[in-house]
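**Q** dropping a prediction and its sequence here:
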Amino acid sequence: MTFDLIIRNANLADDRMGVDIAVQGGRIAAVERNISTTAGRVIDAGGKLVTAPFIDIHFHMDATLSLGTPRLNRSGTLLEGIQLWGELKPLLTKEAVIARALKYCDLAVAQGLLAVRSHVDVCDDRLVGVEALLEVKDLVKDYLDLQLVAFPQDGYFRSATSAANLQRALDMGVDVVGGIPHFERTMEDGRLSVKALCEIAAERGLMVDLHCDETDDPLSRHIETLCYETQRLGLKGRVAGSHLTSMHSMDNYYASKLLPLIAEAEIHCVPNPLANIVLQGRHDTYPKRRGMMRVPELMALGVNVAFGQDSTMDPWYSFGNADMLDVAHMAVHTGHMTSRDAVKACFRAITDNPAKVFGLEGYGIAPGCNADFVLLEARDAIEAVRLRANRLAVVRRGKVIAETAPRTATLDIPGRPASVDPWRYAPVEATAL
Ligand code: FE2
């Protein structure tokens, strides 16, 4: 018997080292040392890391790559971003949204990012973004899993047609129920929106993913209601709280009550370190708050924390490159998560953890899983985060769909080597298979 593909001498993110990965019929057939069988194609990983694909569990694909249209965000705040998106929305065409989204998906694939949960704004009565992204979801399905969240950007109650549009979007095939309670007119409307949205999800058997408490206001506590409604409606494991940035400003006593409530309700927590490090704290003088939820504390309680990118070159964030290692790198820094275990936890927060939120089937490097993986120019997860490592090969269902040349600099310095490979200069933590 011959396999379709074998990756030889790979290190895995769980610290197994020097294993071979055999692929047959689009699935992983074996993960063992020294597989003797031949294959149609053999790739020598040379002791570098092979990981299951990166997953971005929080993104806005309807807005991506629209930077500067119709103008730039001058204040850098979330609220000007929302206003700016409101100016762009009437100008959107289905064709333009599809073109931008497909361009972004090309970039994502090159970066080994093969699953994206994207919120899609339902406050435009034409539902242009919904129509466009449903089409994109179908167009990219062979190489990227796209999951859509019906997102009432202008408020479920605050925008007159949001509630009806949200139901229309779900009828059209959008997968997940979204919301934005902190943007409603009052705290009470925010609470009622959480209740209504969770009830819709319960009735339709869907998941929930709310933009929740994305504010510097320590009294914004819709996450508490989200925990309550999740328990009341039996939605445990199906609900995500995105952003939760008010948590960084909450008083520690209250946080000591809230975090166990989140764990008890099995809420998935989704910080967005790149966007929130610049969007939050804009009204502060010094010290400036930087908008991160309490990641290490949540992880210590066993909460499933998955990082999102949120934005790439849009009204809210003018940087980004579909690079989930960049997201993990920022999380390491903002969360003081520099211990080796903490960096590995951050790597899991862009791979295994979001797979659970997404509900991806067949995810992982194990026999029977989909043959979807990424060969990185790094020897372990810590080095991958440190270097935001090059993606040497991206494999989907056993086929190499993207390749990047190794990153080697040539030097011309007398007495020094002729070339430098950045990944070569770091210690590696080894655990025997
Ligand atoms: Fe968002």
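**A** Received it, and whenever you're ready, just let me know what you need.
**Q** just for the protein, where's the confidence low?
**A** Residue ranges of the chain with pLDDT under 70: 422-433.
**Q** for it, longest strand please?
**A** In the chain, assigned by DSSP state E, the strand with the most residues is strand 39-51.
**Q** just the buried positions in it, please.
**A** 39, 43, 45, 48-51 (16 or more other C-beta atoms under 10 Å). C-beta coordinates here come from the backbone N, C-alpha and C atoms, glycine included.
**Q** for these, which one is nearest residue 382?
**A** residue 49 (9.7 Å; C-beta to C-beta).
**Q** let me see the contact set for that closest one.
**A** 10-13, 375-376, 378-381, 383-384, 389 (C-beta atoms under 8 Å, 6 or more residues apart in numbering).
**Q** about what we covered before: need the buried residues of strand 39-51 in CSV (columns: distance to residue 195).
**A** Listed next are the buried residues of strand 39-51 as CSV, based on distance: C-beta to C-beta, whole Å:
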residue, distance to residue 195
39, 54
43, 52
45, 50
48, 49
49, 44
50, 44
51, 39
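**Q** just the residues you listed now: which is nearest residue 62?
**A** Nearest to residue 62 among those is residue 51, at 28.4 Å by C-beta to C-beta.
**Q** what's the domain layout of the chain?
**A** Per the record, the chain has its domains at 3-52+364-424, 54-358, by automatic domain parsing.
**Q** buried deepest among these, which one?
**A** domain 54-358 (a mean of 21; mean count of other C-beta atoms under 10 Å).
**Q** return the distance of that domain from the chain's centre.
**A** How far domain 54-358 lies from its chain's middle: 9 Å, per C-alpha atoms, centre = their mean, to the nearest Å.
**Q** what's the end-to-end length of it?
**A** Criterion C-alpha to C-alpha, to the nearest Å; first-to-last residue distance in domain 54-358 is 12 Å.
**Q** does residue 319 count as helix, strand or coil?
**A** Of the three states, residue 319 takes coil under DSSP: H, G, I helix; E, B strand; the rest coil.
**Q** ok, it to residue 312 distance?
**A** Going from residue 319 to residue 312 by C-beta to C-beta, to the nearest Å gives 8 Å.
**Q** nearest to residue 174 among the contacts of residue 49?
**A** residue 13 (31.7 Å).
**Q** I figured the closest one was touching residue 346, is that so?
**A** No. With contact defined as C-beta atoms under 8 Å, residue 13 does not reach residue 346; the gap is 11.4 Å.
**Q** residue 45 against residue 8, yeah?
**A** Yes. Using C-beta under 8 Å, residue 45 and residue 8 qualify as a contacting pair, with a distance of 6.3 Å.
**Q** got the contact list for stretch 226-234?
**A** For stretch 226-234, contacts defined as C-beta under 8 Å, 6+ apart pick out 194-195, 198-199, 201-202, 208, 210, 212, 235-236, 238-239, 241, 258, 261-262, 264-267.
**Q** mind checking which of those land in strands?
**A** 208, 210, 212, 239, 241.
**Q** okay, the residues you listed in JSON lines with distance to residue 283 next?
**A** As requested, the ones in strands among the contacts of stretch 226-234 are exported to JSON lines (distance: C-beta to C-beta, whole Å):
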{"residue": "208", "distance to residue 283": "29"}
{"residue": "210", "distance to residue 283": "23"}
{"residue": "212", "distance to residue 283": "20"}
{"residue": "239", "distance to residue 283": "30"}
{"residue": "241", "distance to residue 283": "23"}
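**Q** and of those residues, the nearest to residue 368?
**A** residue 239 (28.4 Å).
**Q** any chance you could map the helices in this structure?
**A** Remark: helices assigned in the chain by DSSP state H are 78-88, 94-110, 128-140, 162-172, 187-204, 222-232, 252-264, 273-279, 295-300, 324-334, 340-348, 352-358, 381-387.
**Q** strand partners of the longest strand of the chain, parallel vs antiparallel please.
**A** Paired strands of strand 39-51, with direction, are strand 3-12 (parallel), strand 373-376 (antiparallel) (DSSP bridges).
**Q** between the ones you listed, which one is closest to residue 160.
**A** Among these, strand 373-376 sits nearest to residue 160 (C-beta to C-beta), with 44.7 Å.
**Q** ok, residues contacting the closest one?
**A** Against strand 373-376 from outside (C-beta under 8 Å, 6+ apart): 7, 10, 21, 43, 45, 48-54, 112, 365, 384, 389-395.
**Q** residues touching residue 324, list them.
**A** For residue 324, the contact set (C-beta under 8 Å, 6+ apart) comprises 54-56, 111-113, 307, 309, 350.
**Q** what does residue 277 give?
**A** Residues near residue 277 by C-beta under 8 Å, 6+ apart: 290-292, 330, 334.
**Q** at 6 Å what do you get?
**A** The contact partners of residue 277, by C-beta atoms under 6 Å, 6 or more residues apart in numbering, come to 290, 334.
**Q** same thing with residue 157?
**A** Per C-beta under 6 Å, 6+ apart, neighbours of residue 157: 184, 189, 193.
**Q** so how far is residue 306 from the residue nearest to it when sequence neighbours are not counted?
**A** Among residues not flanking residue 157 along the chain, residue 189 sits closest, at 4.9 Å (C-beta to C-beta, 6 or more residues apart in numbering). Residue 189 sits at a distance of 28 Å from residue 306 (criterion: C-beta to C-beta).
**Q** so can I have JSON lines of the contacts of residue 157 showing distance to residue 3?
**A** Below are the contacts of residue 157 laid out as JSON lines (distance: C-beta to C-beta, whole Å):
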{"residue": "184", "distance to residue 3": "55"}
{"residue": "189", "distance to residue 3": "57"}
{"residue": "193", "distance to residue 3": "52"}
